[in-house]
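[1] Got a sequence here, can you build the structure:
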Amino acid sequence: MATRSPHGPDLDPALHLSGDGGTPDGEAHPLDAPRTPPAGRAEPRDPAERVQERLWWAAAVVWRRRWWVVAATALVAVLAVWLTLQIPDRYRAETRVLLPDSGSSGLTALLGRGSSAAAALLGGGGGGGYTRYLAILTSRSAMEDVVARYDLVRQYETEDEPDPLAEAVRELSDRTDFDVSLDFDYLAVQVLDEDPAQAAQMANTFVEILNRENVALNQESASTNRVYLERRLERSQADLDSLMAEMQGLQERYGVIEPESQSAALMESLGAASALVAEAEVNYQMLRSEWGDENEQTRTAQAGLAAAQAQRDRLTSGADAVMPVAVGQLPAVGRRYAQLQQGIMLQGAILEEVQPLYEQALLNERRRADAVQVIDPAVPPKKKAEPRRSLLVIAATLSGLLIVVLSVLGAAAVRRVAPGVAARLQQPV
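    Residues are numbered from 1 along each chain as shown. Down below sits the predicted model:
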C-alpha cells in the first residue's frame, strides 16, 4: 500500500535531504522526472485535488531552489539600492497667489453696476479667472523665458537633442505643477529641482512672469477698450448733433414744438372756426331769403360768412400761428418728429452709459493695473520631495522575487515535460 509523505501528497522524502534539493547520487531530481501516477494509485480526477497537487509541486520546486531564489532576490535588492542612490534628490518649492476676482475692479465692475444694455453693447460680462493665469503660466513663451534665464538646456543636458530648447521646455513642464484650489481661491506654483534654492527661485520667477504678462495684457485690454469707447462716444455725439439739427430745422419750418398739444389746439380752433362758418352761413341764407341780396343786413351777413370761411381756410392751410402746418401734413410731420425725438433719447442714453466707461478705461490705461497678489513666496525647501528610495527598493525587490520564482517554476516545468515532448516527436508518423 502506498504511503503519503507528511510534507504533501506524493512528495518524495528525498526533497528534504539537502538545501538545494539535489539527490545523493547526483541523478535528476524526482520533481524533474516526467509526471507519472504513483504505483497503486490512479491519476486524480478531482479538480481541487489536481490544483492542490500542482501547488505542492510548485512549493516543492521553490523550496528545492530556495537558496538560489534568496541569492537572486538579494542581488536584485542590492542593485535596486545602488540604482536608487544614483538618482539625485529633488526638492519641491511652492508659491501661492490669489485667484483673480473677475468682477471686482476696472471696466468689468463698472459694467456690472451698469445696465444690461450697456454690457451687451460693449461686450461686457464676466471673464478671466484662474484660466487666464494658467494660460499665461503654461504658455510656450513663459516656459522658454524660464529655460533661458536658468540655462536649463545645459542643466537638463539636452544639447545633443534635435531641438534642445523644446526638450528643455518639455522637461521643465514635467517638473512644474500648477494646482488650483477653488475652495480657498489660490493658485499654487510648484517646481522640482535638484537645487532647493534654484527650485524656489524658479517658482518665484513663474509668478514674476505671470505678473508681468498679466499687467501687459490688462493694459492692452484697457487701451483697446478706451479706443473703442472713444470712437463710440464720437459716433454717438455726432449722431446726436445731427438729430438735434434736424429737429431744429423741423421746428423752424413747421413751428412744431409740442406736436400733441399743438395738434389738439389746432383741431379745437378748426372746430370752432367750422362752427362759426356754419352759423354765419345759416344766418346769411335766412337774411337773403327774407330781404334779398341788396339788403344791408344781408350784405353784412355775407361779409361775416366770408370772414369765417377765410379763418377756417387759414387754419386748414397752416397759415395760422397756432401750428403753421397744413392739416394733411400733420401725420407725416408728427411721425418724423417722433422719430427724431426717439433718436435723440436713444443717443442721449448711450452717451450717459458710455461716458463713465470711457473714463474708467482711460484710468486703467494710464495706471499699472491688476498685479497678481502673492500669498506665500517660495522659499528653499528643507526636505527632498523625491525619490522615495525605500518604496523603490521594496517594489524592485518584490518584483525581482516574483520574477525569480516564476523563472524557477518555468524551468522546472520545462524539464518536467521536455522528455514527454521529445518522445512524442520521435514517434513514427
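[2] rest of the way, CA atoms for contacts and neighbours
    Fine.
[3] Show me the strands in the protein, by range?
    For the chain, the strands defined by DSSP state E occupy 91-98, 176-181, 186-193, 374-376.
[4] what's the angle from the first one to strand 176-181?
    Calculated by axes from the mean of the first three to the mean of the last three C-alpha atoms, to 10 degrees, strand 91-98 forms an angle of 40 degrees with strand 176-181.
[5] can I get the strands of the chain in TSV with distance to A203 and mean neighbour count?
    Shown next, in TSV, are these (distance: least, C-alpha to C-alpha, whole Å; neighbours: other C-alpha atoms under 10 Å):
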stretch	distance to A203	mean neighbour count
strand 91-98	6	23
strand 176-181	9	17
strand 186-193	6	23
strand 374-376	11	15
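[6] Quick one: those strands as a markdown table, columns for distance to R140 and mean pLDDT too.
    Shown next, in a markdown table, are the strands of the chain (distance: least, C-alpha to C-alpha, whole Å; pLDDT from 0 to 100):
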| stretch | distance to R140 | mean pLDDT |
| --- | --- | --- |
| strand 91-98 | 20 | 91 |
| strand 176-181 | 13 | 91 |
| strand 186-193 | 16 | 92 |
| strand 374-376 | 23 | 87 |
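[7] how about L172, what does it touch?
    Contacts for L172 (C-alpha atoms under 8 Å, 6 or more residues apart in numbering) come out as 143, 147.
[8] got JSON lines for the strands of the chain, with distance to Y228 too?
    Formatted as JSON lines, the strands of the chain follow (distance: least, C-alpha to C-alpha, whole Å):
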{"stretch": "strand 91-98", "distance to Y228": "30"}
{"stretch": "strand 176-181", "distance to Y228": "34"}
{"stretch": "strand 186-193", "distance to Y228": "33"}
{"stretch": "strand 374-376", "distance to Y228": "33"}
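[9] Between these, which one is closest to A303.
    strand 91-98 (93.8 Å; C-alpha to C-alpha).
[10] so what does that closest one touch, helix or strand wise?
    Strand 91-98 sits against strand 186-193, helix 196-254, strand 374-376, with contacts defined as 3 or more C-alpha pairs under 8 Å, 6 or more residues apart in numbering; DSSP states H and E.
[11] Go again with 10 Å.
    strand 176-181, strand 186-193, helix 196-254, strand 374-376 (3 or more C-alpha pairs under 10 Å, 6 or more residues apart in numbering; DSSP states H and E).
[12] Give the pairing partners of the shortest one; include direction for each.
    The one in question is strand 374-376. Applying DSSP bridges, strand 374-376 is found paired with strand 91-98 (antiparallel).
[13] Can I get the partner strand in CSV, CA atoms only?
    The C-alpha coordinates for strand 91-98 follow below in CSV (Å, rounded to 0.1, in the frame of the first residue of the first chain):
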residue,chain,number,x,y,z
TYR,A,91,13.3,69.4,-3.9
ARG,A,92,9.8,70.9,-4.5
ALA,A,93,9.4,74.6,-3.9
GLU,A,94,5.9,76.2,-3.9
THR,A,95,4.5,79.7,-4.1
ARG,A,96,0.8,80.7,-3.9
VAL,A,97,-1.1,83.6,-5.5
LEU,A,98,-4.7,84.6,-5.0
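[14] angle of that strand against strand 186-193?
    Using the same axes, to 10 degrees, strand 91-98 lies at 160 degrees relative to strand 186-193.
[15] Could you check how far the closest residue to L165 other than its chain neighbours is from P164?
    The shortest distance from L165 to any non-neighbouring residue, by C-alpha to C-alpha, 6 or more residues apart in numbering, is to V153 (6.3 Å). As judged by C-alpha to C-alpha, to the nearest Å, V153 and P164 stand 6 Å apart.
[16] More neighbours: which of these two?
    Counted by other C-alpha atoms under 10 Å, V153 and P164 do not tie: V153 has more neighbours, with 21 against 17.
[17] Can you tell me how far W68 is from A58?
    Taking C-alpha to C-alpha, one finds W68 at 15 Å from A58.
[18] Can you pick out the residue with more neighbours from these two?
    Taking neighbours as other C-alpha under 10 Å, W68 and A58 compare with A58 leading, 20 against 17.
[19] got a pLDDT number for the residue nearest to that one when sequence neighbours are not counted?
    Nearest residue to A58, sequence neighbours excluded (C-alpha to C-alpha, 6+ apart): L409, at 6.5 Å. pLDDT for L409: 88.
[20] try S139
    Listed pLDDT for S139 reads 92.
[21] same deal with V61?
    So, for V61, pLDDT stands at 87.
[22] Excluding chain neighbours, what is closest to it?
    In space, V61 is closest to L409, 6.7 Å off (C-alpha to C-alpha, 6+ apart).
[23] how close does that neighbour sit to W63?
    11 Å.
[24] Can you check which residues contact both of these two?
    W57 (C-alpha atoms under 10 Å, 6 or more residues apart in numbering).
[25] Compare the mean pLDDT across the helices and strands packed on strand 91-98 and name the weakest.
    helix 196-254 (a mean of 83).
[26] what angle do it and strand 176-181 make?
    Going by the same axes, to 10 degrees, helix 196-254 makes 60 degrees with strand 176-181.
[27] ok, now which ones touch the closest residue to A72 other than its chain neighbours?
    Once flanking residues are discounted, A72 sits nearest to V404: 7.0 Å by C-alpha to C-alpha, 6+ apart. By C-alpha under 10 Å, 6+ apart, the contact set of V404 is 62, 68-73, 76, 398, 410.
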